[in-house]
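Novice: predicted model and sequence follow; I will ask about them next.
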Amino acid sequence: MHRSLCILSAAVLLAAATIAAAQPNQVIPAAANTAAAPAPGRPVIFDFKDLGDCTADTGLTAQQEYCQTSASLTKPGQAHWYRFNVLEEQSALTLHFLITTQNGRVRMGLWLPGHSLEEQPSVTAETLLASSFAQELYITIPAAQLFHSPGIYTLQVMTEYGAPQYVLRADMTPATTLLADADRQAIKQVVKDCCTDLNGLVCNRLNIGIDAQDIDSDLCHTGPIQCDRDGHITDLVLQGTNGDQDLTCPGFSAGFAQLPSLRRLDLAGAHLGADLPTIAQALAPATKLQWLVLRTANIVGQLSCDIILPSLQLLSLTRNSLTGTIPDCYTKTTTLKHLYLSDNSLSGPLPDFTSESSLELLFARDQQVEDKPSMTGGFPAGLASAGNLRYLQLSNVGLSGAIGELPAGLKYFNISANAFQGPIPSFSTELVSLDISANKFTGTLPSDMSAYANLVDIQAFSNGLEGPLPAKMPPHLVQLAVSGNKLSGPMPALPRGIKYVSVAENGLEGNLPDGPGASSIWFGDFSSNKFSGNIPTALSQAEELVYLNVSRNQLTGIASPEAWNTPAAITLDASVNAIQGTLPAVLAQQARLAYINFGSNALTGNLQAFAAAVQPDTQVGAVFDVSSNQLTGDLPEGLGNLAVFSTAPASFPSWDELDTSGYPVKVFSVADNRLSGPFPAFLTSSLTGLVAHACSDDTGSCNVWVDVDGGDNKFSCPGKTM
């Protein structure tokens, strides 16, 4: 019995859409077009041939070497779906999916036949290369798995960040293809030179693969290693864990260059101990090598020009122990396109560029010597002439000075945590991501950024920027982070689809944002400004909202308080305002709202309705602070159900973005009000229970601060009246 592979169609949909899982033996016609009338809640299905060069009606078979398609994702949460069928015809093969992205990141998952797409994917992609705005992921389906699992497979590509453009390639290796003898001998040489311990994962796999006689252990069918039809290795990916059992060869190995068709060599996580001149000399005969990844591979010494081999297009030297300056051959190269130098100890100035430079991507962030940024100077004069440069990442390296003209085609620009100063430079409208945070920039932001149709990320926090926010925001902005400046004026309308807004510690005034854009955010920090009026319904009814901080403003109320509906919310900080009225009882019904802080406001009335709405075993109120208000009445027993008194650790996250202003893990504070009545029995019983609990066995469960004193609070002993 033989089987063949047939890729059929791609579906474009938002992440929330679902597809009914196909039955294992179902066969779908190769050119089926179901785009005309999709079922409600189902994705629109397009012919696969409409999305790329995989145009054969019979789909992919073992007779094809590879097939690829290109596409773009433009919205947060958007996904493309690809379905393919294993038929009981023709030959078995190993299928290898490789996705390469620019302008953003994606997730890739695979559902096996019979598995529901409403569940997590059966297989998730492994990472070959990852950076802020470029990545490579892969999934390999071995021939044995395809042979024994006929049916419909579904592959998903979903936006993780940005507006990714991707190339998805499917390589088919027939089951009849086994490692060529010449490559077998080359791998033997590598094992001899670099494997002092055959128990290590990489060395063990190579050692077994040398003698393999079937597809189960043959290197040509061991992802992510790839071979051509003649059994010659094209992609040798041997990622380790940077341990003593990984590849260790201070003299490198000539065996790598003896692989006649090698185009990609990935030794990330190896424990090489070699320097770059030694590696360059060993790889010089590898005339087809295009990708060389030596990330976290214990490379020592300084950068050398000879490692830029004539055919090399990508070089990754991230997270090694490299020192010295960056030679100008790295920025004036006419062959290299992607260069990764981040997390080393490089020093000195950034070398100059020329108009002939082929570099499209330069990532060299986090250069430090003795825990201090180690590079000096500013941008070289020739940077603007680097017409091919699209992605530049130089955060936390020690550069300073004013910024002049930049390359016209920049899409990604990150120079955060340096000492640049002066006005913000001009950028091309092709820009996708901008991060100039933690510098010394002054001046204003552009008033109209509506032409920046691709811009999804603006980070300019911790500078000295003044004036208003842009009156017209980029239409597809996802993240806005401008806290810690001197901005003033009103908050403009937020674009639809924005998810992260941080404008804290400025001088912004007027109303908080309302409308469709505000209702889409999941993180909003508007604290320490001069906002007034009410918390708008767009925020109090935002379905995806996780974190909202409006503290330290001049707010006076909540629009439609009893209609509050934030099912995903974990943190709500509205402290230090002038909010009037009663504490909305509906807050107790927000199932995940672990952090509630309305301290230092003008709340009145009692807590009876709120307490009655608190359910036992709730996650609500691990932090509950209504101190410094004008609350009256007693403390109802229902408050004892708050999560602050649970013996389980608090469930709200401890991310930096979810700072709890220095509070202990759990807080119950009703201090400085006008409360009265008997001292609540639930306090004594709950606290006694916490003390009796094995606190040391559950870190955080007993870290509780309770404050009921101060102001006009007057409680009597239980059983006595005032």
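Specialist: Nice, I can see it.

Novice: contact partners for residue 670?
Specialist: 607, 626, 627, 631, 635, 707, 708, 713 (C-beta atoms under 8 Å, 6 or more residues apart in numbering). For glycine as for every other residue, the C-beta is placed from the backbone atoms N, C-alpha and C.

Novice: compute the number of surrounding residues for the first one.
Specialist: With neighbours defined by other C-beta atoms under 10 Å, the count for residue 607 comes to 25.

Novice: what's the neighbour count on the closest residue to it other than its chain neighbours?
Specialist: Nearest residue to residue 607, sequence neighbours excluded (C-beta to C-beta, 6 or more residues apart in numbering): residue 636, at 5.9 Å. The burial count assigned to residue 636 is 18, neighbours taken as other C-beta under 10 Å.

Novice: same deal with residue 244?
Specialist: Counted with other C-beta under 10 Å, residue 244 comes out at 10.

Novice: give me the element the residue lying closest to it once chain neighbours are set aside is part of.
Specialist: Excluding its sequence neighbours, the residue lying closest to residue 244 (C-beta to C-beta, 6+ apart) is residue 271, at 6.3 Å. Residue 271 belongs to no helix or strand when assigned by DSSP states H and E.

Novice: is it true that residue 271 touches residue 240?
Specialist: Yes - between residue 271 and residue 240 there is a contact at 7.0 Å, judged by C-beta atoms under 8 Å.

Novice: just the buried residues of the biggest strand by length in the chain, please?
Specialist: Secondary structure of the chain per DSSP state E: the longest strand is strand 151-174. Within strand 151-174, the residues that count as buried by 16 or more other C-beta atoms under 10 Å are 151-166, 168-174.

Novice: and what of stretch 670-685?
Specialist: Taking 16+ other C-beta under 10 Å as the criterion, stretch 670-685 shows 670, 671, 672, 673, 675, 677, 680, 682, 683 as buried.

Novice: ok, so of those, who is nearest residue 215?
Specialist: Taking C-beta to C-beta as the measure, residue 682 is the one of the buried residues of stretch 670-685 closest to residue 215, at 66.4 Å.

Novice: that closest one belongs to a helix, doesn't it?
Specialist: Yes - under DSSP: H, G, I helix; E, B strand; the rest coil, residue 682 sits within a helix.

Novice: pull the longest helix from the protein.
Specialist: helix 181-194 (DSSP state H).

Novice: show residues contacting the very next helix or strand once past that one.
Specialist: Next along the chain after helix 181-194, taking DSSP H and E as the criterion, comes helix 201-210. With contact meaning C-beta under 8 Å, 6+ apart, helix 201-210 is reached by 179, 184, 187-188, 190-191, 194-195, 197-198, 217-219, 222, 238-241, 245-247, 270.

Novice: would you tell me what the next helix or strand after helix 201-210 is?
Specialist: Following helix 201-210 toward the C-terminus (DSSP H and E): strand 226-227.

Novice: now do the helices in this structure.
Specialist: Going by DSSP H, the chain shows helices at 143-148, 181-194, 201-210, 276-283, 537-540, 608-613, 681-692.

Novice: may I have the shortest one exported as CSV, CA atoms only?
Specialist: Taking Å, rounded to 0.1, in the frame of the first residue of the first chain, the C-alpha atoms of helix 537-540 are listed here in CSV:
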residue,chain,number,x,y,z
THR,A,537,-17.9,52.3,28.7
ALA,A,538,-15.3,51.4,26.0
LEU,A,539,-12.9,50.5,28.9
SER,A,540,-15.4,49.2,31.4
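
Novice: change the start of the numbering to 39 and stick with it
Specialist: OK, 39 is where the count begins now, so the last one is helix 575-578.

Novice: list the contacts of it.
Specialist: 550-557, 559, 562, 583, 586, 588, 596-599, 601-604.

Novice: please pick the buried ones from the residues you listed.
Specialist: 550-552, 555-557, 559, 562, 583, 586, 588, 596-597, 599, 602, 604.

Novice: now tabulate the helices of the chain in a markdown table and tack on distance to residue 349 and mean pLDDT.
Specialist: Formatted as a markdown table, those follow (distance: least, C-beta to C-beta, whole Å; pLDDT from 0 to 100):
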| stretch | distance to residue 349 | mean pLDDT |
| --- | --- | --- |
| helix 181-186 | 31 | 78 |
| helix 219-232 | 18 | 96 |
| helix 239-248 | 24 | 92 |
| helix 314-321 | 10 | 97 |
| helix 575-578 | 54 | 96 |
| helix 646-651 | 68 | 97 |
| helix 719-730 | 66 | 69 |
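
Novice: wait, which of the ones you listed is closest to residue 455?
Specialist: From these, taking C-beta to C-beta, the stretch that ends up closest is helix 314-321, at 27.3 Å.

Novice: OK, contacts around residue 382?
Specialist: Counted by C-beta under 8 Å, 6+ apart, residue 382 has contacts 355, 356, 357, 358, 359, 360, 361, 405.

Novice: run through the stretch 589-738 of the chain and note the low-pLDDT ranges.
Specialist: For the stretch 589-738 of the chain, applying pLDDT under 70 flags the ranges 686-702, 725-738.

Novice: got the phi/psi numbers for residue 603?
Specialist: Dihedral pair for residue 603: phi -150, psi 90, per degrees, to the nearest 10.

Novice: list the contacts for the residue nearest to it when sequence neighbours are not counted?
Specialist: Nearest non-adjacent residue to residue 603, counting by C-beta to C-beta, 6+ apart: residue 579, 4.8 Å away. Each residue near residue 579 by C-beta under 8 Å, 6+ apart is listed here: 557, 598, 601, 602, 603, 604.

Novice: surely the first one touches residue 603?
Specialist: No - taking C-beta under 8 Å as the definition, residue 557 is not a contact partner of residue 603, at 10.9 Å.
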